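> Predicted model, plus sequence, below.
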Amino acid sequence: MSAGHDSPLGSTHLTFDVSGKTSPSTRIVVNPALTVSPSGDPGILQRGGKATYPGVKVGNNGSSNVPLQTISAVLPQAGLRFSGPQGPDHQLTVMANGDIRVYMGTLSADESTLTFTDVDLAVGTTETVMWVCVSATEEALTGPTHVAFTVGNQSSLSATLTVT
């Protein structure tokens, strides 16, 4: 038995009807098809300095057919931006099974969120790793921070970034 990707998570059961007599099945637990967790080592972001590439890893809980996903990356505070040494960088890099794919995102009006649609995670039996490019302006608050990623209906923070 399998549940669709939009099925509610949690416990449920089936009801069988045999000649007008109903009987519930044993408990069935619906788990998410994907797991999302921090990827990489903690990083340092120098105010006004070089960019870094925070990300997450996505695992497959046994689903045989993972549909295209919508992914978002959210900056937690003012002073961080989606940019690299050459200027704005609104892309998501996805690495799976040794292949690298790049997806262009849409930046929100307040420039805090990048959204990527129709992302093929190519999640098989190995983990998929994805990342975005982030830098800190001279005005960024110092201290620990994270980029928040959402993959479908699963979320995770990136590894810790320390703004100095």
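On my side now, so go ahead.
> Parallel or antiparallel, list what pairs with the helix or strand hosting residue 149.
Using DSSP states H and E, residue 149 maps to strand 148-151. Using DSSP bridges, the strands paired with strand 148-151 are strand 69-74 (antiparallel), strand 154-157 (antiparallel).
> residues in contact with it?
With contact meaning C-beta atoms under 8 Å, 6 or more residues apart in numbering, strand 148-151 is reached by 34, 36, 55-56, 58, 69, 71-74, 76, 121, 130, 155-158. Glycine gets a C-beta too; all of them are placed from N, C-alpha and C.
> tell me the average confidence for that strand?
Taken as a whole, strand 148-151 carries a mean pLDDT of 96.
> cool, and stretch 77-93?
87.
> what's the answer for stretch 36-43, then?
The model assigns stretch 36-43 a mean pLDDT of 93.
> And for stretch 24-32?
Rounded mean pLDDT across stretch 24-32 is 62.
> Give the buried residues for the strand holding residue 149.
148-151 (16 or more other C-beta atoms under 10 Å).
> What is the burial count for residue 106?
By the measure other C-beta atoms under 10 Å, the count of residues near residue 106 is 11.
> scratch that, residue 66
Neighbour tally, residue 66, other C-beta under 10 Å: 19.
> Then residue 16?
10.
> which SS class is it?
strand (DSSP: H, G, I helix; E, B strand; the rest coil).
> out of everything not next to it in sequence, what's closest to it?
Spatial nearest neighbour of residue 16, chain neighbours left out: residue 23 (5.0 Å); criterion: C-beta to C-beta, 6 or more residues apart in numbering.
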